[in-house]
Every structure is written in structure tokens, then in C-alpha cells.
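Colleague: this one's structure only:
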């Protein structure tokens, strides 16, 4: 699993002009499920994100987690995080999990993150969404469970 995590003052997602989710201070998580990802990966990633110390403490140092500041998370499924642009000009998405495999893992990730005490809002799986946010810092991190689970993940999938 791959995630782009952005510390935000606020974030919102809508489809066709209808707002689906909105948060105040917290994290916008763009989440990509790759081939080979599983429930263990969702659990690891959810815990890592809930406990990342990327919020300012009283001395303005990044020492506080999402849990410690009482922030929320806006989780947006984004298969394009598993794109390969090594060849040509059109991205190859073969390392992304198929929708029928990815959807249950996105749902599991949301449940896992919620189980840590994080209030979570989501977009609509597979929909064309408008995502708005005000990045604070800016603080943006890229996390990939293959860094913790080296024998799995999309890096094992060869482009066709």
C-alpha cells in the first residue's frame, strides 16, 4: 500500500458537486492499493499514519501525532499512486490492484484507522472526485508498506 499524507488545515471531497466528506485540521490521505497488498498492510499503514509525529508541539517542533492533536483524516482512494512512468508518456497502472481487490482493502484501512480513535471521512471509491485542501507547512509524506514488508507489494509486478 502506498499513501501520500498531507497535513492540512482543512480538506474536502466532492463528486459531481455533492460534498461527500470534510475535515478540519488533520490529514488528507491519498491511498493506493497495489497488487499483493493485504489486511496486514492496511493495519501497519493505519497505525503508522495515526501515530506519525508531524504536528507541532508547544515549541513548534513536529512531536505530536494525529491522535494527540485530535485531528481527523480524509481518506481518498487513488489507484494512480501505483503508476509506472518509466517508459513512454502514458502511465502504466498494472501494479495497482484490481478494483474488486482494492475496495475491500480501502474499506479495511478506513476501519483500521478509525479503530485507533481517528475520525475518518472518505471519498467515493472509483469515482471522479474533486479534492480540495489547505496543506499546512507544507507537510507532505509518501509512505509505502513495501518499505516494511519487502517481500510484497507492487514493486514485484513487472510492466507488460
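Modeller: Perfect, thanks for sending it. Predicted model, so just to flag it, every value in this text is computed and none were measured.
Colleague: List the beta-bridge partners for residue 74.
Modeller: Here residue 74 shows beta-bridge partners residue 28, residue 121, assigned using DSSP bridges.
Colleague: and it, what is it in contact with?
Modeller: Neighbour list for residue 74: 8, 11-13, 21-23, 26-29, 120-123, 131, 133 [criterion: Cβ atoms under 8 Å, 6 or more residues apart in numbering]. All C-beta spots, glycine's among them, are computed from the backbone N, C-alpha and C.
Colleague: mind redoing it with 7 Å?
Modeller: Neighbouring residues of residue 74 by Cβ atoms under 7 Å, 6 or more residues apart in numbering: 11, 13, 21, 23, 28, 29, 121.
Colleague: Give me the distance between it and residue 60.
Modeller: Distance of residue 74 to residue 60, given as Cβ to Cβ, to the nearest Å: 24 Å.
Colleague: How about the contacts made by the closest residue in space to residue 32 that isn't next to it in sequence?
Modeller: Setting aside the residues directly before and after it, residue 32 is nearest to residue 81 in space (Cβ to Cβ, 6 or more residues apart in numbering), at 2.9 Å. Applying Cβ under 7 Å, 6+ apart, we find residue 81 in contact with 2, 4, 30, 32.
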